[in-house]
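Engineer: sequence first, predicted model second:
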Amino acid sequence: LAGRVEMILKLGGSAICDKAKPKTPLPNEIRRLAEEISKAGVKRLILLHGGGSYGHVVADQYKIADGYQGSSQLIGFARTRLAMMELNRTVLESLLDQGVPAVSISPSSFVTTENGRIRQLFLDPIIMALELGAVPLLFGDAVFDTKKGFAIVSADQLAGRLAIDLKADRVIMGVDVDGIMADDHHRTGRQELLKVVSASDMMTASMHIHEPTGVDVTGGFRGKLSEMTPVAQSGIEVLFVNARVPGRIYRALRKEETVGTILTK
Ligand SMILES: Nc1ncnc2c1ncn2[C@@H]1O[C@H](COP(=O)(O)OP(=O)(O)OP(=O)(O)O)[C@@H](O)[C@H]1O
Ligand SMILES: [Mg+2]
């Protein structure tokens, strides 16, 4: 599978939504990011986006990440999926408008989990899309789980797994902050950006990780870091970039230098 995919870009829900307000996409940001993706013209690219103010809110309401506890959750499972499809449609339309041949593929239909971790995934459609020059577009989703009935698989987890399975050169995690911060910048106002972080000392006490704005049913920033640790450890470049700042995602896709954090082994 080597060389099947060059880059994996995850557009954080934090970058394309106002996570503090339910169902609030940021259409201007989404449009601009679609433009940057189009302009960068990466050949073998997989795109993903997170739950933003869509999936997280509904999944939290029905406790979908806790697994099946009763039939009243089934509507919630279905509604979580619908919320993600709504956000996905907005992202998809912007990409198509910019001429990016994005093909939306729902994780719930090709991924199953075991206790919330990806157990099986059917990669053929993704590989075949890439071979044709199309851009698979995935998202964090509610999926079926062998132990819990159902679970939430984050776009972070999917990005990590796909990067490793398809041997990506680079994973770009687009968020709404400049990268990995050394401190609780929201509370202290300090903005100390760590330019390089090694996966081995990433979880140390020196780095303060606070709870994200709004609901995040997949572990927020800590979850993101733990998904990216094995990716970096396997030798794949992992970049955290502020997708809210025009040009940064473009530059990261072009492999030009930009502000952000590089996660190393
Ligand atoms: N040490 C840290 N460095 C950088 N960001 C941090 C740190 N600790 C917490 N965060 C928060 O993590 C947030 C990003 O994670 P979050 O899960 O909210 O967004 P996301 O993954 O882009 O959204 P989604 O899950 O919807 O895709 C940032 O908005 C930031 O406030
Ligand atoms: Mg998140």
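Structural biologist: That came in fine, so what should we check first? Quick caveat, the model's predicted, so the values are computed rather than measured. Ligands and ions are numbered 1, 2, ... in the order given.
Engineer: output the below-cut-off pLDDT ranges for the chain.
Structural biologist: 1-3, 183-190, 202-213 (pLDDT under 70).
Engineer: can you give me the helices in it?
Structural biologist: Along the chain, counting by DSSP state H, helices occupy 13-16, 27-40, 55-61, 73-97, 124-132, 155-165, 185-188, 220-233, 248-253.
Engineer: for these, which one ends up most surrounded?
Structural biologist: Of all those, helix 13-16 carries the top mean neighbour count, a mean of 28, counting by mean count of other CB atoms under 10 Å. Where C-beta positions appear, they are placed from N, C-alpha and C, glycine not excepted.
Engineer: which helices and strands does that helix pack with?
Structural biologist: Applying 3 or more CB pairs under 8 Å, 6 or more residues apart in numbering; DSSP states H and E, one finds that helix 13-16 contacts helix 27-40, helix 73-97, strand 170-175.
Engineer: residues contacting the longest one, please?
Structural biologist: Applying CB atoms under 8 Å, 6 or more residues apart in numbering, the contact partners of helix 73-97 are 11, 13, 16-17, 23, 25, 27, 30-31, 33-34, 37-38, 47, 49, 51-52, 54-55, 57-59, 61-64, 102, 104, 106, 108, 135, 137, 139-142, 150, 152.
Engineer: what about it and ligand 1, any contact?
Structural biologist: No - Helix 73-97 is not in contact with ligand 1 by CB under 6 Å from any ligand atom; minimum separation 9.1 Å.
Engineer: returning to that earlier point: so which of the helices of the chain gets nearest Thr112?
Structural biologist: Across the helices of the chain, Thr112 has its closest neighbour in helix 155-165 (12.5 Å, CB to CB).
Engineer: helices or strands next to that closest one in the packing?
Structural biologist: Counting contacts by 3+ CB pairs under 8 Å, 6+ apart, helix 155-165 is packed against strand 7-11, strand 45-49, strand 117-121, strand 135-139, strand 170-175, helix 220-233.
Engineer: is it possible to get those out as CSV so that each row also shows distance to Gln191?
Structural biologist: Formatted as CSV, the helices and strands packed on helix 155-165 follow (distance: least, CB to CB, whole Å):
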stretch, distance to Gln191
strand 7-11, 22
strand 45-49, 25
strand 117-121, 34
strand 135-139, 29
strand 170-175, 14
helix 220-233, 15
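Engineer: ok, which of those comes nearest ligand 1?
Structural biologist: Relative to ligand 1, the nearest member of the helices and strands packed on helix 155-165 by CB to the nearest ligand atom is helix 220-233, separated by 3.4 Å.
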